[in-house]
Structure formats: C-alpha cells, structure tokens
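*Asks:* Model the structure of this input:
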Amino acid sequence: MDSSLFSPLPTPAEMNAWDKAASKDFGLGTAMLMENASREGLAVIRETFEDIRELAVLVFAGSGNNGGDAIALARHLHDGGAKVLLLLARPGRAYKGAPGFHLRLAKLCGVPVAGLVRFKPTDFPNPDLVVDGLLGTGLRGEPSPQYAAWIDTLNDIGGRAYVLALDIPSGLSGETGRPAQATVLADATVTFEAAKLGLALPQAKDYAGELFVRTIGMPRVLREKLPPGHYLMTRDLRELLPVADPGLHKGQAGKLLIIGGSGGLTGAPVLAALGALRAGAGLVTVACPWGVEKVLKAGHPEVMTWPLGQGETWTPDMAQAVKARIGQFQAVVLGPGLGRDQGAQAFMEALGALPLPMVLDADALYWLAQDRAKLANLGSNLVLTPHPMEMSRLLGLTLDQVEEDRFGAARSLAGQCLATVVLKGPGTVVSAGDDPLARAYLSPFSVANLAVGGSGDVLSGVLGALLARSISPLPAACLGVYWHGLAGQIMSENFPYRGNLASEIATALPRALTEWMDADS
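*Replies:* Numbers count the residues shown, from 1 in each chain. This next block holds a predicted model:
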C-alpha cells in the first residue's frame, strides 16, 4: 500500500537511525539539524504569540540532542528580543558535540545562562513561556530523581505559563506513549521530521497538548530507504475510494452477505447491515435462522433477509444452503449475533472457508478462538476485527498483555493467520499478515462516543461494503477504520457527553464521507 497516504511514526530507535544516516550518507550534521529544529520551534512560537519581543522565556536544556535544540532556540528568542534565561541541567563543560557547539554560540550571542541545580522559580518570576528540552526521546524508564525534580519544577511554573515541549514532553515514552511518574505537561509539542510513535497514541494526548509536526530537512530518499514500522492513517486515504459513477446500478455498488443473528441477538446483524448501506453498498442481505427473521427485519425495509432452516438457532444444513448461493455475493461479514450455542459451532464447522473476501467479527472470532490451530493460514482475503478481549482469546494472552503491546498483538495474530487484523479500541491498529515488512497502521481517532454496544457491528458492515467494492483487505481495513472513526468524531460534536446510539454512528457515515472528501488537503 502506498505509504504516502500515511504519516510515518518512527520509534526513537528508527529516528536515531535517520539522524545517523543523514549525517553519514548526506553530510547533514547534527548541529545543522538542531539549527533547523530550533527555527521550526521558533516558528511555532511566533504562530502562538503575537510578538516575541514581549515574552519572558525560561528554557530548560538537558545535555543531549534535545537540549541542543532548546539551546539553539534560546539563541533565536534572545536575538528576537525576548527576555530569555537558559537553564542548564549539567555544567557547561558537559555539553559536547553539537549541543556544546550551540551552547558556545548562545553564550557568544549574549544569552543569559544559569544552572538548574541552583535555580529557584523566584529567580525568574512570571515567565510567559517555558520551553522543555530536558530529555527528549532518549529516556528509558523513569527519569533520575534529579530530572524528576526539575520536571516537577517545570510543571509548577507551567501552571501559570505556556509550556512548549521540543520533540516530545520529557518523561513521555517515544515508543509507548506512556508517561513516567514525572512527565512534563505541555500545552503544545513541536516534533521534528515526523511524529514519534508514542506521540500518536491516545495516552499521550494529555501530556503533549497541541501537536505540531515540522520537517527539518531529512531527504525523502532517506526515509524511503529506512521506512518505519508504524504509520498514522490520514485523510489522504480517500484517494483509495472509488468514485461513484452517476450511472451506477445497485448491483454494481457491491452485494454483501451478512451471516448472523440468533435468538435474542438480532440487533448486531442489523447494525452491520446499516453500516454497510450507509457506506454505499448496493445490496445487503442478512442470512439468519428462520425463527428470528421477522424480528430482525422489523423496521428496516432496506435490509434484505434470507431466512434459513426452521428455528432460531443455526444448523449444519444452513451452511450447505449458504455455500450453494455464495456466488451471488461479492463479500461476506460473518459473526454478528451468530451466537455461542452448539448449533452455531456446528454451523461454523460446516461452513468452513468461503471463496469470497470476508470479515470475521464477534461470535465468528469466539468460535475461532476455541480452536486456535485453525488460525494458521486463514488467508489474505480475510479481515479479522477483534476487540481486546477477543484478541486475548485468539492469542492465548491476558487482556493486560494485549493492551500492553497492541501493535505486537495485531502483528502476531496477522502473522499467524496471514489475514488483515483490525484490533479495535482507542487508537485502532491495523496490520496485514501478508506484508513482509509487518507494518502497523494506527487510527488517529480516540473517541469515547464509539465505546457503545453495536459500534463494532457498524464497523464490520463498513468493512464488508468496501470489500464488496473490490477493495483489497488492507486498504479496506484502513479506509473503514478511518471512516468509522470520523463518524465517531461527528458523534462527539453532536453528543459531547456521549449518549449516542450505534445506529446513529451508521447514520453519520455519509456526512463523515462528505466532510472527508471535501476537506482541504
């Protein structure tokens, strides 16, 4: 899939490899990249404040590259007329290499410098702006007690000033997005060349504040040569959506079969069908047991039904009926409301593999988890959509283990079954088992309004509709996740304190698509 439709999310180690390659292969020295980064930081400050000549600025600078960015920024602010105090975490002689070069230059330019060890907030009362350049992405584990104390001091001052973090708030993991016990609470973060993976994860939002991503001169060929393992979904994914022909016939817009529903579980397949129809599917049919068909159909004339058998539960004979007519459809969603009784299990056993692109959701995943040996080589035309508990069953892990490493869980399941996996939840993750690079794609949406029963059923319908339009599984998964998340964002505008229904998420899909397609690039 075209990586230009996504934003790269390098880990700290991958970003370090970019830095080294920029210097070794292209002659872009660290001091030059620091200068570029500091100028981008200055540009963000100028966008935030009307006149930097009126600013009182405290700059916290560690002795690493993050501190070098901060030192160079302090010089630019000083040269621009701001009242600046540069606070060093270590004695000046400890600043070597590029940070040392920028410190010497700052002193030559007259930037006031003091040591953090002896600094008291009363030494510089009432700053307007505090710049965090203490630790950057190099932190592993908890900050040392001394750095933790300085972070606490920065946060105390930041309670009455604007805090700008350079690259990443100190104390926040650039890989997991998890905060240390002492972590800078920034009003904004300007990150350089690409957002670090941790910054894009939901748990980082309260610490990073508004995120600015600014390039600092890394050649595109370098990033292509050393691609990261993670990408953020962007609005550019819309380029993968087929344009609707004015002469389109309903039979050409995708024929989707949803297999699900059972006694007491008729809502799930209906929500999947509504999601598919609102996503533009031309014809949607729900195959269900005969005994629940009237309840399932009631109030939804747009949804076609295919009653099977005689009762409210599934039987192996129904599987034979489905396979006999499967050629009438272009994609399948299997599982919403299927049930967990022995009849559903027997139906799944008899159904086996189908020769169409498929979404496996809900109870289909439950039955798959009962015999994990069946995961092997399910096939690349499948999309599995587990939530974290379903993922824990499929992988034989605890829920905490799944949540501890969501990317790893998605990659692991995708690699075992060779299918595309959508691990749902805040910051949904997509990974494809047939991708030799094992890349993972992250949704930019973390919306509480999507945390409602039936939301996942709507998503499975959206995915099914996209597969029925001959979009291959990985692009379909990314498109569907982004589209569903955008609809959830609309829900958050209409229902800021939640309370929306899953059916309303489906209803919001056309509006979400309109905003998505009409948005400025």
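*Asks:* Let me see the domain layout of the chain.
*Replies:* Domain assignment for the chain by automatic domain parsing gives 3-228, 236-516.
*Asks:* Any idea how many residues pack against A376?
*Replies:* 9 (other Cβ atoms under 10 Å). In short, each C-beta sits where N, CA and C put it, glycine included.
*Asks:* before we move on, what about K297?
*Replies:* Residues near K297, counting by other Cβ under 10 Å, number 17.
*Asks:* That one contacts W290, correct?
*Replies:* No - counting by Cβ atoms under 8 Å, W290 is not a contact partner of K297; they are 11.6 Å apart.
*Asks:* What's the per-residue pLDDT of A244 here?
*Replies:* Note on A244: pLDDT of 71.
*Asks:* how about the residue nearest to it when sequence neighbours are not counted, what does it touch?
*Replies:* Nearest residue to A244, sequence neighbours excluded (Cβ to Cβ, 6 or more residues apart in numbering): G280, at 7.3 Å. With contacts taken as Cβ atoms under 8 Å, 6 or more residues apart in numbering, G280 has the following neighbours: 244, 253-254, 465, 469.
*Asks:* tell me the least confident of these?
*Replies:* The lowest pLDDT within those belongs to A253, with 66.
*Asks:* secondary structure element for S503?
*Replies:* For S503, the host element (DSSP states H and E) is helix 502-518.
*Asks:* Please compute how far that helix lies from its chain's middle.
*Replies:* From the chain centre to the centre of helix 502-518 is a distance of 19 Å (Cα atoms, centre = their mean, to the nearest Å).
*Asks:* Can you list the buried residues in that helix?
*Replies:* For helix 502-518, a neighbour-count test (16 or more other Cβ atoms under 10 Å) marks 502-509, 512-513, 516 as buried.
*Asks:* returning to that earlier point: and the furthest pair within the contacts of G280?
*Replies:* Using Cβ to Cβ, the contacts of G280 reach their maximum pairwise distance at A244 and A465, which is 12.6 Å.
*Asks:* So if I had to pick from these two, which one is more boxed in?
*Replies:* Using other Cβ under 10 Å as the criterion, A244 and A465 rank with A465 on top: 33 against 11.
*Asks:* show me where the stretch 251-400 of the chain has strands.
*Replies:* 255-259, 283-289, 304-308, 331-334, 358-360, 382-384 (DSSP state E, counting those that start in this stretch).
*Asks:* Neighbouring strands - and their directions - for the first one?
*Replies:* Paired strands of strand 255-259, with direction, are strand 283-289 (parallel), strand 331-334 (parallel) (DSSP bridges).
*Asks:* Rounded mean pLDDT for the first one, please.
*Replies:* I take that to be strand 283-289. The pLDDT scores in strand 283-289 average 97.
*Asks:* Just give me how far that strand sits from the chain centre.
*Replies:* Relative to the chain's own centre, strand 283-289 is displaced by 32 Å; criterion: Cα atoms, centre = their mean.
*Asks:* For Q146, give me phi and psi.
*Replies:* phi -70, psi -50 (degrees, to the nearest 10).
*Asks:* how much space between it and T153?
*Replies:* 11 Å (Cβ to Cβ, to the nearest Å).
*Asks:* between these two, who's got more neighbours?
*Replies:* Higher neighbour count among Q146 and T153: T153, with 18 against 12, using other Cβ under 10 Å.
*Asks:* did I read that right, the more buried one in a helix?
*Replies:* Yes - counting by DSSP: H, G, I helix; E, B strand; the rest coil, T153 is found in a helix.
*Asks:* Spatially, what comes nearest to it if we skip its sequence neighbours?
*Replies:* P121 is the one closest to T153 (Cβ to Cβ, 6+ apart), at 6.8 Å.
*Asks:* I figured that neighbour was touching L154, is that so?
*Replies:* No - between P121 and L154 there is no contact under Cβ under 8 Å: 9.9 Å.
*Asks:* Does anything pack onto the helix or strand where K24 lies? Which helices or strands?
*Replies:* In the assignment (DSSP H and E), K24 maps to helix 12-26. Here helix 12-26 is seen to pack against helix 30-48, helix 220-225 when contacts are counted using 3 or more Cβ pairs under 8 Å, 6 or more residues apart in numbering; DSSP states H and E.
*Asks:* and these as JSON lines, adding mean pLDDT, distance to A208 and mean neighbour count?
*Replies:* Below are the helices and strands packed on helix 12-26 laid out as JSON lines (pLDDT from 0 to 100; distance: least, Cβ to Cβ, whole Å; neighbours: other Cβ atoms under 10 Å):
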{"stretch": "helix 30-48", "mean pLDDT": "97", "distance to A208": "13", "mean neighbour count": "19"}
{"stretch": "helix 220-225", "mean pLDDT": "92", "distance to A208": "22", "mean neighbour count": "13"}
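*Asks:* quick one: which of those helices is nearest Q370?
*Replies:* helix 220-225 (43.3 Å).
*Asks:* Which strands or helices does that closest one pack on?
*Replies:* Other elements packing on helix 220-225 under the criterion 3+ Cβ pairs under 8 Å, 6+ apart are helix 12-26.
*Asks:* And the contacts of the helix it packs on?
*Replies:* 10, 28-30, 33, 65, 137-138, 174-175, 193-194, 196, 217-219, 222-223, 225-226, 228-229.
*Asks:* Give the ChimeraX command for selecting the buried subset of those residues.
*Replies:* Buried members of the contacts of helix 12-26, defined by 16+ other Cβ under 10 Å, are picked up in ChimeraX with:
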select :10,28,30,33,65,137,174,175,193,194,196,218,222,223,228,229
